[in-house]
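Undergrad: Build me a model from this:
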Amino acid sequence: MSNVYTRDSDIERLHPLFREKIRQLFAAFLLDNLPFRAFECFRSPQRQDWLYQQGRTRPGAIVTYARAWESYHQYGLAVDFVLYEQGRWSWDTSGERAQWWRRLHELGRASGLEPLSFEKPHLQVAGLTVASLSVGTLPDGGDDSWADTLEAAAASWAGQPASPPFQLPTSRPPLDA
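TA: Numbers count the residues shown, from 1 in each chain. All right, here's what the predicted structure looks like:
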């Protein structure tokens, strides 16, 4: 990701086990004829902080309650799904679309994900806590793509709170001394 403030919809930077669940959801969306797409996947701590400031120190409505490193997005463990119809993003929850959002949550739960009651687009890996993630306790099964993303995010972050003390998995052989 070249700009830490840019929305990232690339599922390849997500945790690989979560990435597979997202692929299953995409298949389910096709079967159910649901026009959801991944709007935002991995989110840098800088972007999270910038979004947190909206409605507080920047103009606009509040869009998140999570500061940097307090969202599953910073760990590659959350995705925001948004309707994509006729070439446009839509957060419309009225009429027939209300059922589509309920179905998104049903499909997510069936895949081992949990929605947030206050944020319809958001699905995250179930059974984790921000408290454990923020001290560096990460799910097993990570790969280089995911580890590289977390490593780069931690290295680029100079704000508060400090980035977690990650012990990232890698399949790369160690460098010779």
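Undergrad: quick one, longest helix in the chain?
TA: Longest helix of the chain, by residue count under DSSP state H: helix 16-32.
Undergrad: So which other helices or strands are in contact with the helix or strand following that helix?
TA: Where DSSP states H and E defines the elements, the next helix or strand beyond helix 16-32 is strand 36-40. Using 3 or more Cβ pairs under 8 Å, 6 or more residues apart in numbering; DSSP states H and E, the elements in contact with strand 36-40 are helix 16-32, strand 78-85. C-beta here means a position set from N, CA and C on the backbone, and glycine is covered the same way.
Undergrad: wait, which of these is closest to Ser71?
TA: The closest of the helices and strands packed on strand 36-40 to Ser71 is strand 78-85. By Cβ to Cβ, the value is 6.6 Å.
Undergrad: does Pro121 sit in a helix, a strand or a coil?
TA: strand (DSSP: H, G, I helix; E, B strand; the rest coil).
Undergrad: Please enumerate residues in contact with stretch 76-91?
TA: Outside stretch 76-91, the residues within contact range by Cβ atoms under 8 Å, 6 or more residues apart in numbering are 11, 13-15, 18, 22, 25, 35-43, 71-73, 92, 97, 100, 104, 119-125, 128, 133, 139, 146, 149-150.
Undergrad: which of those residues are buried?
TA: For the contacts of stretch 76-91, a burial check counting by 16 or more other Cβ atoms under 10 Å picks out 11, 13-15, 18, 22, 25, 36, 38-43, 71-73, 97, 100, 104, 120-125, 128, 133, 139, 146, 149-150.
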